[in-house]
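Enquirer: Here is a sequence with its predicted model. Questions after.
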Amino acid sequence: MMDKKILVVDDEITIRELYVKVLTKTGYTVFAAGSAEEALELLNESPYLVYFLDLNLPGMNGVELCRNIKKQLPVSIIYAVTGYATFFEISSCREAGFDDYFTKPVQLSDLTDAAADAFRKLDKWNKRK
């Protein structure tokens, strides 16, 4: 059975803490970062297969972070979380490799459902090896 680790990346500490609390309560091991650079450092220490990334981050944005993650871990499942979503932004997200996106304020049940779905997919792919 795979280690069900999630990395949440958001520069707003209250949002990060809320996502960590909810996803941990659901049974996942959740790590958090306040910037893309911090997320990449965590990724260098240990792989994660499921991510929730804010698009508006200081320094490197969430789209560029997604591209970096997909280069290192192409099989990872990555969700964008944004305060607003224009057609152009959604198009950029798809091109970068995001699997889906959520608009803030996001329903917490949507996050837990997305995490469960992601790990079901990963388990299914793992069984096919």
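Expert: That came through, no problem. Numbers count the residues shown, from 1 in each chain.
Enquirer: next structured bit after the least confident helix or strand in the chain by mean pLDDT?
Expert: When the helices and strands of the chain are scored by mean pLDDT, DSSP states H and E, helix 87-96 comes last with a mean of 78. The helix or strand immediately downstream of helix 87-96 is strand 100-103, counting by DSSP states H and E.
Enquirer: Now the following helix or strand past that following strand: average pLDDT?
Expert: Later in the chain than strand 100-103, the nearest helix or strand by DSSP H and E is helix 108-127. Taken as a whole, helix 108-127 has an average pLDDT of 94.
Enquirer: If you count neighbours, what's buried in helix 108-127?
Expert: Across helix 108-127, burial judged by 16 or more other C-beta atoms under 10 Å covers L111, T112, A114, A115, A118, F119, L122. For the C-beta atoms, the positions are set from N, CA and C on the backbone; glycine is no exception.
Enquirer: Check the residues you listed against V75 and report the nearest one.
Expert: V75 has its nearest neighbour among the buried residues of helix 108-127 in L122, at 7.4 Å by C-beta to C-beta.
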